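Chemist: I would like the atomic coordinates for the input below:
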Amino acid sequence: MSAVHSSGLGRWPQAVQWLLLLGGGIVLARGMELAHVPAALLLGPLIWGAALAMRGTTVRIGRLPHLFGQAIAGTLIANNLDPQVLTQTLDLWPVVMLFVVLTLVLACAVGLGAAKVSGLDREVTVWGFLPGMAGTMIALAHERGIDSRMVAFIQILRLLMVIGAMVTVGAVLVGPAVPHGAGASPPDLASTLWVLALCALGVAVARLLPMVPAGASLVPLFIGGALCVNGVNLASPHWLIAFGYLMLGAQVGLRFTPEMIRTGARALPMLVLAVVALLLLCGATGALLSVVAGVDLMSAMLATVPGSIDSIALIALSTGSDISFIMTLQTVRLFAVVLLGPPLARWILHLAQRMSRPGTG
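Modeler: As a prediction, this is how the structure comes out:
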């Protein structure tokens, strides 16, 4: 640990490191926006944060600004929900549940396959591939006595690759990014105050009621959605959205440190192949969902892909995808992972152990 602190950017004053992180993240995000890259506000700080982390920076995004970023994402989703599409999606609840469970099963199966080809512990890889909020999965794994460092490595690797893949697919299928707030009411003082109030509520719930899954995002999403249906404008100024996603992107990027790379270096090539396999499988289920539910391919893929709800939301908005349809499936899956993920992982691991015993099957 001391080697990292005494080398590279770790030797620089903290204030200078913060200026470098925030200034570089803003500049890169803005440059990517001007180039019409999907989810530029998330991708720019993420890439910049990862680059600084690999150079030994010691600054980290605290829990409070990270929760605030999640809350901003929740209000952004709420302001773009379409009640009519939401109702039509909920009418398809058997299809929704089928594809939610299918994604969970595929993630666990790929986790088992990753253990076989990489030589890592089965339980570690299954938890690493469970599609939920990465922080929640890492915390749950730690509580169970599983190697949470390796679970964190797989979760962050999966998240980075999912974001990169979906941004690339969006650029190919949809083209240049859609400006945020296109076609929506413009932000004003009242809408900004509503957004800040919802963010404060979301952060408070996340801090005081940790048993609520993704409370920082989902509380503003649900309450904000109800307000929008009743005619309340929840448009956010661009600078506020940019700040929220700066916190989210930088937080993910900064976790990809040299220590983390060293932790999983030997298994990295096999884990990358496993993530690619999961993305291809989710792409295939997305194509099937597109046909079954009658939605466009990009929306169907974003609904099934195993990324975090806040990153998927920004990619959906910047590609002009059906945010209501996507968020319905992603939210249902988030609750399903928290409630069903641990028992499903245990059952699949038990089944795999039984099948691997000599003379079984």
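Chemist: Please spell out the segments of the stretch 1-150 of the chain that come in under the pLDDT threshold.
Modeler: 1-7, 132-137, 139-140, 142-143 (pLDDT under 70).
Chemist: tell me which residues in stretch 69-83 are buried?
Modeler: Within stretch 69-83, the residues scored as buried using 16 or more other Cβ atoms under 10 Å are 69-81. Any C-beta I mention is one placed from the backbone N, CA and C, and that applies to glycine too.
Chemist: Give me the subset of those lying in helices.
Modeler: 69-78 (DSSP state H).
Chemist: coming back round to it: now tabulate the buried residues of stretch 69-83 in CSV and tack on distance to Ile241.
Modeler: Below are the buried residues of stretch 69-83 laid out as CSV (distance: Cβ to Cβ, whole Å):
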residue, distance to Ile241
Gly69, 10
Gln70, 13
Ala71, 12
Ile72, 6
Ala73, 9
Gly74, 12
Thr75, 9
Leu76, 6
Ile77, 12
Ala78, 13
Asn79, 10
Asn80, 12
Leu81, 16
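Chemist: Pick the one among the residues you listed closest to Val167.
Modeler: Closest approach between the buried residues of stretch 69-83 and Val167, by Cβ to Cβ: Ala73, at 16.2 Å.
Chemist: Could you tell me which residues make contact with the residue nearest to that closest one when sequence neighbours are not counted?
Modeler: Closest residue in space to Ala73, ignoring its immediate chain neighbours: Asp310 at 3.7 Å, by Cβ to Cβ, 6 or more residues apart in numbering. Contacts for Asp310 were tallied using Cβ atoms under 8 Å, 6 or more residues apart in numbering; they are 69-70, 73-74, 217, 248.
Chemist: Closest to Ala352 out of these?
Modeler: Among the contacts of Asp310, and counting by Cβ to Cβ, the member closest to Ala352 is Ser217, at 32.8 Å.
Chemist: Could you pick out the longest helix of the protein?
Modeler: If each helix of the chain is counted by residues according to DSSP H, the longest one is helix 323-356.
Chemist: any idea how far Asp296 is from Gly286?
Modeler: Going from Gly286 to Asp296 by Cβ to Cβ, to the nearest Å gives 10 Å.
Chemist: Looking at those two, which has the bigger crowd around it?
Modeler: Neighbour count, other Cβ atoms under 10 Å: between Gly286 and Asp296, Gly286 has more, with 23 against 16.
Chemist: With distance to Val85 as extra columns, can I get the contacts of Asp310 in a markdown table?
Modeler: Shown next, in a markdown table, are those (distance: Cβ to Cβ, whole Å):
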| residue | distance to Val85 |
| --- | --- |
| Gly69 | 26 |
| Gln70 | 23 |
| Ala73 | 19 |
| Gly74 | 18 |
| Ser217 | 20 |
| Leu248 | 25 |
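Chemist: quick one: which two of these are the most distant?
Modeler: Taking Cβ to Cβ, the two most distant members of those are Gly74 and Leu248; they sit 11.6 Å apart.
Chemist: Look at Leu120 and give its secondary structure.
Modeler: coil (DSSP: H, G, I helix; E, B strand; the rest coil).
Chemist: From Ala177, how far out is it?
Modeler: Taking Cβ to Cβ, one finds Leu120 at 37 Å from Ala177.
Chemist: quick one, which of the two is more surrounded?
Modeler: Neighbours were counted for Leu120 and for Ala177 using other Cβ under 10 Å; Ala177 has more, 25 against 22.
Chemist: I'd say that one and Thr319 touch.
Modeler: Yes: contact criterion Cβ atoms under 8 Å: Ala177 and Thr319 qualify, at 7.0 Å.
Chemist: Restricting to C-alpha, output stretch 62-81 in PDB.
Modeler: Extracted as PDB, the C-alpha positions of stretch 62-81 are listed here (Å, rounded to 0.1, in the frame of the first residue of the first chain):
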ATOM      1  CA  GLY A  62     -17.100   9.600  -0.900                       C
ATOM      2  CA  ARG A  63     -20.400   7.800  -0.200                       C
ATOM      3  CA  LEU A  64     -22.500  11.000   0.000                       C
ATOM      4  CA  PRO A  65     -21.600  12.500  -3.400                       C
ATOM      5  CA  HIS A  66     -22.000   9.000  -4.900                       C
ATOM      6  CA  LEU A  67     -25.500   8.700  -3.400                       C
ATOM      7  CA  PHE A  68     -26.300  12.100  -4.700                       C
ATOM      8  CA  GLY A  69     -25.200  11.000  -8.200                       C
ATOM      9  CA  GLN A  70     -27.600   8.000  -7.900                       C
ATOM     10  CA  ALA A  71     -30.400  10.300  -6.800                       C
ATOM     11  CA  ILE A  72     -29.800  12.600  -9.800                       C
ATOM     12  CA  ALA A  73     -30.100   9.600 -12.100                       C
ATOM     13  CA  GLY A  74     -33.400   8.700 -10.400                       C
ATOM     14  CA  THR A  75     -34.900  12.100 -11.000                       C
ATOM     15  CA  LEU A  76     -33.600  12.000 -14.600                       C
ATOM     16  CA  ILE A  77     -35.400   8.700 -15.200                       C
ATOM     17  CA  ALA A  78     -38.600   9.900 -13.600                       C
ATOM     18  CA  ASN A  79     -38.700  13.000 -15.800                       C
ATOM     19  CA  ASN A  80     -38.500  10.900 -18.900                       C
ATOM     20  CA  LEU A  81     -41.000   8.100 -18.000                       C
END
